[in-house]
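Undergrad: Need coordinates for the following:
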Amino acid sequence: MFYVNNVRVIPTIFPDKTSQIWNLPEELVNSYDFEIRWEFEHEGEIMQLAQLVDLFAHSHSLVLKIKYLPYGRQDKVVSNKTTFALASFAKLINSMYFDYVDIMDPHSKEAIKLIKHSRAEYPTEQLLKALNETRSDAVCYPDKGAVEKYTQLYLGTPYMYGEKVRDQRTGKILSYQLKTNNKYEPQIGDRILIVDDICDGGATFILLAKELISRGITDVNLFVTHGIFSKGLKVLFDAGIKRVFTQDGEAMPSGFDDVTYRRL
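TA: Predicted structure coming up:
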């Protein structure tokens with residue numbers, strides 16, 4: 001899904017499954033400064049993005065804002081067993097010569113290294129709102145990577161983090177060991193907001209929530225920038241997580257209202 005200067009752009013899909021960008025408002029096309037906001041829905045949109053760039057070839061400035069970076073988690077080197085999809089994606093984006101590419105909470109530093117003129121953005125305002133709404137005493141990061149990434153952004157926020165205990169044969173996460181720092185020590189009855197960039201199936205957060213609750217934490221809530229929720233929200237609520245937030249606000253399960261379904 002694309003917005004150009006906050007105007008929704010809807011491509012035409014032809015019977016042969018190809019698409020075309022056309023019939024945009026004249027006042028939009030005749031502009032000279034363009035901000036394309038991409039809310040990723042499927043891979044085919046990369047072709048539509050290329051069409052938009054060609055359409056705006058006369059621009060003075062062309063900025064791409066990526067709400068969720070596709071292939072952001074596929075950031076490893078190429079081998080005969082796996083492809084480095086992020087690098088392939090970066091080549092396509094770089095070929096379009098954007099002045100800037102703003103990426104909301106990229107999964108790793110590799111994206112910023114690979115995509116030219118890219119800048120990382122973070123949902124600071126939305127996170128602070130979630131902290132206030134849940135009256136959280138501290139945040140909990142699910143691993144050291146998240147600690148390194150977010151503590152530089154959310155300075156002054158008390159935190160702890162988890163270290164994953166894995167099955168060495170399968171790599172599966174079995175449990176968590178909670179680690180604290182000298183600025184925060186959790187107390188029975190505290191409220192904790194788990195913070196990370198992506199929630200897909202939710203297994204990491206389920207294990208972490210159970211460990212926090214076993215330590216006497218009263219309220220466990222979750223903030224993720226990008227909510228994929230491939231297993232739904234029910235598995236998170238059933239693990240004891242009371243509220244789930246993303247960059248778009250509080251996430252609610254489809255078909256239920258928050259009063260009857262969310263743990264209160």
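Undergrad: Which stretches in the stretch 151-264 of the chain count as helices?
TA: 203-214, 234-238, 258-261 (DSSP state H, counting those that start in this stretch).
Undergrad: Indicate which one of the ones you listed is closest to Val224.
TA: Set against Val224 and scored by CB to CB, these come closest in helix 203-214, at 8.1 Å. Bear in mind the C-beta positions are built from the backbone N, C-alpha and C, glycine included.
Undergrad: how far out from the middle of the chain is that closest one?
TA: The chain centre lies 20 Å from the centre of helix 203-214; the measure is CA atoms, centre = their mean, to the nearest Å.
Undergrad: which parts of it are buried?
TA: Within helix 203-214, the residues that qualify as buried are 204-213, counting by 16 or more other CB atoms under 10 Å.
Undergrad: could I get stretch 147-166 in PDB with only the CA atoms?
TA: Provided in PDB are the C-alpha atoms of stretch 147-166 (Å, rounded to 0.1, in the frame of the first residue of the first chain):
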ATOM      1  CA  VAL A 147      19.300  -4.000  25.000                       C
ATOM      2  CA  GLU A 148      22.000  -2.600  22.800                       C
ATOM      3  CA  LYS A 149      19.500  -1.300  20.300                       C
ATOM      4  CA  TYR A 150      17.000   0.400  22.600                       C
ATOM      5  CA  THR A 151      18.800   1.600  25.700                       C
ATOM      6  CA  GLN A 152      20.500   4.200  23.600                       C
ATOM      7  CA  LEU A 153      17.100   5.400  22.400                       C
ATOM      8  CA  TYR A 154      15.100   5.300  25.600                       C
ATOM      9  CA  LEU A 155      17.600   6.800  27.900                       C
ATOM     10  CA  GLY A 156      16.600   6.900  31.600                       C
ATOM     11  CA  THR A 157      14.000   4.100  31.300                       C
ATOM     12  CA  PRO A 158      14.500   1.400  33.900                       C
ATOM     13  CA  TYR A 159      15.000  -2.000  32.400                       C
ATOM     14  CA  MET A 160      16.000  -5.600  32.700                       C
ATOM     15  CA  TYR A 161      16.500  -8.200  30.000                       C
ATOM     16  CA  GLY A 162      16.200 -11.900  29.400                       C
ATOM     17  CA  GLU A 163      18.900 -14.400  28.400                       C
ATOM     18  CA  LYS A 164      17.600 -17.300  26.300                       C
ATOM     19  CA  VAL A 165      18.100 -20.900  27.500                       C
ATOM     20  CA  ARG A 166      18.300 -23.000  24.400                       C
END
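Undergrad: could you give the mean pLDDT of that stretch?
TA: The average pLDDT within stretch 147-166 is 87.
Undergrad: For that stretch, which outside residues touch it?
TA: 122, 124, 127, 131, 137-144, 146, 172-181, 183-184, 186, 192, 195, 197, 204, 208, 211 (CB atoms under 8 Å, 6 or more residues apart in numbering).
Undergrad: what's the spacing between Lys65 and Glu45?
TA: Between Lys65 and Glu45 the distance is 14 Å, computed by CB to CB, to the nearest Å.
Undergrad: Mind listing the shared neighbours of those two?
TA: Counting by CB under 8 Å, 6+ apart, the common neighbours of Lys65 and Glu45 are Trp38.
Undergrad: Quick one: residues in contact with stretch 189-197.
TA: The contact list for stretch 189-197 (CB under 8 Å, 6+ apart) reads 105-107, 127, 130-131, 134-142, 146, 149-150, 154, 160, 186, 204-205, 208-209, 212, 216-226, 241.
Undergrad: buried sites along that stretch?
TA: Using 16+ other CB under 10 Å as the test for burial, stretch 189-197 gives 190-197.
Undergrad: Adding distance to His117, write those residues out as a markdown table.
TA: A markdown table is the format used below for these (distance: CB to CB, whole Å):
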| residue | distance to His117 |
| --- | --- |
| Asp190 | 42 |
| Arg191 | 40 |
| Ile192 | 37 |
| Leu193 | 33 |
| Ile194 | 33 |
| Val195 | 28 |
| Asp196 | 27 |
| Asp197 | 22 |
